[in-house]
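**Q** Fold the stuff below for me.
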Amino acid sequence: MFGGVFATGVLTLAFGSVPGWPAMGGYTNQDFTGAFGFFGTASVVVSSGITPVGPVARVGWLTADRSGNLTFNSTANLARFVSPFDFAGNYDMESDTARLRLENPIKLEVTFVGVLSDGGNEIRDLFVDSPGIVTFANGRKQKLTGCTNGNLSGPCQIEFSGSTLHTGASRSPFAALGRIDADGAGRIAGRLTSDYGGIPLRENISGTYTTETDCTLQLTYYTADEGRTSSNGVELMGAVIDGGAGTHLMVLGPPSGVVNGSLKPQ
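**A** Coordinates of the predicted model:
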C-alpha cells in the first residue's frame, strides 16, 4: 500500500477467516471495498536511483470500488523530499488472495503481502518485491461519507515517531506525545512532550486546522515562543478514519523530519 511506489505493481493480500466474511475460497472483488486511510513507513538501504537512501513516510487514501478498480492518493516524505504520489490500478480477488496492479509511467514492478482483519476494516501490508527497501503500511476504513472541521472536536491524544535530520546528514530518533483540544471550528491548543535523540522537551502548542470534504486533514501548530511565519511551525497532513475515531498523520514540514503519527479523541 505504501509507496505503491513508482509502479506497475502486483499486491498479494492474504486473508484469514473473520466473522461476517466468506470462508476461504468464497471471496470476490466485492469483499475488498471502500476507502481506507493509510500510513506507511519505510527504510531505503539501497537506492534504486529514484528513491534516496534513508527513511520514508507516507499518508493518504486507498479506495477499492467492489468491481476490481483501485486508486491510491498519497503524499510521501522521501528522506526529506515531500511529494504527492497518486496511482490508478486494478485488483482481482482469488480464493485466498487479491492481486493488485498499479499503473504508473515509470513501469517498475512492486509486490506487497498483506493481511485483512477486523471484519474487513483494516489492512496491513509488507513490501517484499524490491531488495534494499523495507516497507510496512497500515490502512483503516474511513467509514464516513464526508468530513468537516466538526469531525475534530474536543480533547485528543496526539503522538509521533520517526527521525530528524541534522547537519552532516546524520539522523536522530524522534518521538512525541501530548494532548490537544480542538474547537471544532479550525483551532487547536495543547501541550506536547517531545524527545529529540534523547533530549526531552515540553512545549505548549497552538495552531489551526482544516478538514477537507474527502476527510483529509491539514494541521499546523506552533510552540509558544515561535513567530507564526512560513519558516516556523510544524505542518501535518492526515487521513480521518474509523468514522472520526482516529486520524493517521504525517509531518509535511519541516521536511527534515520524516515522521508519522496519529490523533485520537480521548
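**Q** Show the contacting residues for Pro84.
**A** Taking C-beta atoms under 8 Å, 6 or more residues apart in numbering, we find Pro84 in contact with Asn73, Ser74, Thr75, Ala76. C-beta here means a position set from N, CA and C on the backbone, and glycine is covered the same way.
**Q** Dihedrals phi and psi, Arg66?
**A** Note on Arg66: backbone dihedrals following degrees, to the nearest 10 are phi 80, psi -10.
**Q** Verify the contact between it and Gly120 for me.
**A** No: Arg66 lies out of contact with Gly120 (C-beta atoms under 8 Å); the separation is 11.8 Å.
**Q** who's in contact with the residue nearest to Gly162 when sequence neighbours are not counted?
**A** In space, and not counting its chain neighbours, Gly162 is closest to Val259: 3.3 Å by C-beta to C-beta, 6 or more residues apart in numbering. Taking C-beta under 8 Å, 6+ apart, we find Val259 in contact with Ala57, Asn77, Phe160, Ser161, Gly162, Ser163, Thr164, Phe174, Met250, Val251.
**Q** Could you check the pLDDT of the fourth one?
**A** The predicted local distance difference test score for Ser161 is 95.
**Q** secondary structure element for it?
**A** strand 153-165 (DSSP states H and E).
**Q** And the contacts of that strand?
**A** In contact with strand 153-165 (C-beta under 8 Å, 6+ apart) are residues 41, 55, 57, 80, 171-184, 190, 192, 194, 196-197, 249, 251, 256-266.
**Q** Parallel or antiparallel, list what pairs with the helix or strand containing Asn260.
**A** Using DSSP H and E, Asn260 maps to strand 257-265. Using DSSP bridges, the strands paired with strand 257-265 are strand 153-165 (antiparallel), strand 246-253 (antiparallel).
**Q** Now Met250: closest residue in space that isn't a chain neighbour?
**A** Val59 (3.9 Å).
**Q** And the one you found, what's its pLDDT?
**A** On the pLDDT scale, Val59 gets 96.
**Q** can you check Trp21 too?
**A** Trp21 is given a pLDDT of 45.
**Q** Equivalent analysis for Phe127, please.
**A** 75.
**Q** what about the residue nearest to it when sequence neighbours are not counted, which helix or strand?
**A** Nearest non-adjacent residue to Phe127, counting by C-beta to C-beta, 6+ apart: Thr135, 3.5 Å away. According to DSSP H and E, Thr135 maps onto strand 133-141.
**Q** residues of that strand that come out buried?
**A** For strand 133-141, a neighbour-count test (16 or more other C-beta atoms under 10 Å) marks Ile133, Thr135, Phe136, Ala137, Asn138, Gly139, Arg140, Lys141 as buried.
**Q** Quickly list what the second one is bridged to.
**A** When bridges are called by DSSP bridges, Thr135 pairs up with Ala42, Phe127.
**Q** go on, the last one?
**A** With beta bridges defined as DSSP bridges, Lys141 has these partners: Phe36.
**Q** Contact partners for it?
**A** Lys141 neighbours (C-beta under 8 Å, 6+ apart): Gly34, Ala35, Phe36, Gly37, Gly120, Asn121, Glu122, Ile241, Asp242.
**Q** Tell me the spacing between it and Gly34.
**A** 5 Å (C-beta to C-beta, to the nearest Å).
**Q** Spatially, what comes nearest to Tyr222 if we skip its sequence neighbours?
**A** Tyr222's closest residue in space is Gly233 (C-beta to C-beta, 6+ apart), at 4.5 Å.
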